[in-house]
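Asks: heads up, no residue letters with this:
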């Protein structure tokens, strides 16, 4: 019974954090997979969402903190898009420049390197727990509802005329331009939406952890890409709904490995190494899958030739 309870705790923690960080993977799905832009604003936008959410929570408005974090993230995405589309800065450098500048902005928002929310201040999670929503599963319920709503909204948005234009921009900018669609506008909207999702993730994580730290966003690009690749490898590509489901699954699986390591008292100095191994394995998964398929076909061919003899 104790073992089952321990497994349930690990699973609950993985699901909670998987949903919270899935928004970053959704953001990278939009910028990297659809727009074909390597947006490195992610780390800074995540911390910006944390900083704004924690600050507004301290002012006594935990629900308002989330849309404000979204607005701040969209503003960060706009800056990156402006540098890229109007000033001719390459996409990778544009993200690096914005991310670099966000460090100082995040420090100003928090009034220092960190900002604890404090036990006496309310968050969306404590509000749900106070309302008696699902007892000990309240945090998971809140995270799941918000993330599933965001995922559903993204699927709907990408099916609209503007969303289809964004998808076409990632496929072929020249064709889009020839079709009288302004790629500057579609790229700007796409990056604003992507960084808004990242900041929403940061806002939720800050309220979940009840603190915000200047280094909280470090490595978010790697975690998001790992979740994206894991999900796409397991489920594959398809329609937008299938892609979003793959992202959510990939995020939960990634966090399951990480939470399990924490649960079983893996030394803190090994956690970065474990994360690196998980990320490397996720990125190598498509190549390993292709290699395994090739070996299987070779083995079948050898058996076939042996049978003919």
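Replies: Alright, I've got the coordinates. Since the model is a prediction, treat every value here as computed from it, not as a measurement.

Asks: What segments of this structure are helices?
Replies: With helices called from DSSP state H, the chain shows them at 2-28, 42-58, 62-85, 91-110, 124-130, 138-158, 161-171, 173-178, 183-209, 220-235, 240-263, 271-308.

Asks: winner for burial among those helices?
Replies: Highest mean neighbour count of the helices of the chain: helix 42-58, a mean of 29 (counted as mean count of other Cβ atoms under 10 Å). Placement of C-beta: from N, CA and C, glycine included.

Asks: Now do that helix and helix 220-235, the angle between them.
Replies: 110 degrees (axes from the mean of the first three to the mean of the last three Cα atoms, to 10 degrees).

Asks: okay, the angle between helix 42-58 and helix 62-85?
Replies: 150 degrees.

Asks: so which of the helices of the chain comes closest to residue 34?
Replies: helix 161-171 (4.8 Å; Cβ to Cβ).

Asks: hang on, the earlier thing: can you tell which of the helices of the chain is closest to residue 36?
Replies: Nearest to residue 36, of these and by Cβ to Cβ, is helix 161-171 at 4.5 Å.

Asks: right, so of the helices of the chain, which gets closest to residue 118?
Replies: The nearest among the helices of the chain, by Cβ to Cβ, is helix 42-58 at 7.3 Å.

Asks: helices and strands around the closest one, which ones?
Replies: The contact analysis (3 or more Cβ pairs under 8 Å, 6 or more residues apart in numbering; DSSP states H and E) places helix 42-58 against helix 2-28, helix 62-85, helix 91-110, strand 114-116, helix 183-209, strand 211-213, helix 220-235.

Asks: Present the ones you listed as CSV; the columns should include distance to residue 172.
Replies: Formatted as CSV, those follow (distance: least, Cβ to Cβ, whole Å):
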stretch, distance to residue 172
helix 2-28, 21
helix 62-85, 17
helix 91-110, 16
strand 114-116, 44
helix 183-209, 10
strand 211-213, 40
helix 220-235, 21
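
Asks: pLDDT averaged over stretch 198-214, what's the number?
Replies: Stretch 198-214 comes out with an average pLDDT of 94.

Asks: now swap in stretch 126-143 and tell me
Replies: In this model, stretch 126-143 carries a mean pLDDT of 83.

Asks: Now do the end-to-end distance for that stretch.
Replies: 12 Å (Cα to Cα, to the nearest Å).

Asks: Could you do stretch 81-96 as well?
Replies: OK, stretch 81-96 end separation, Cα to Cα: 12 Å.

Asks: again, but for stretch 30-43
Replies: 16 Å.

Asks: can you list contacts of that stretch?
Replies: For stretch 30-43, contacts defined as Cβ atoms under 8 Å, 6 or more residues apart in numbering pick out 24, 27-28, 76-77, 80, 84, 91-92, 95-96, 98-99, 102, 154, 158, 166-167, 169-171, 187, 190-191, 193-195, 197-198, 217-221, 224-225, 228, 243.

Asks: which of the residues in it are buried?
Replies: Neighbour-count burial for stretch 30-43 flags 30, 31, 32, 33, 34, 35, 37, 39, 40, 41, 42, 43 (criterion: 16 or more other Cβ atoms under 10 Å).
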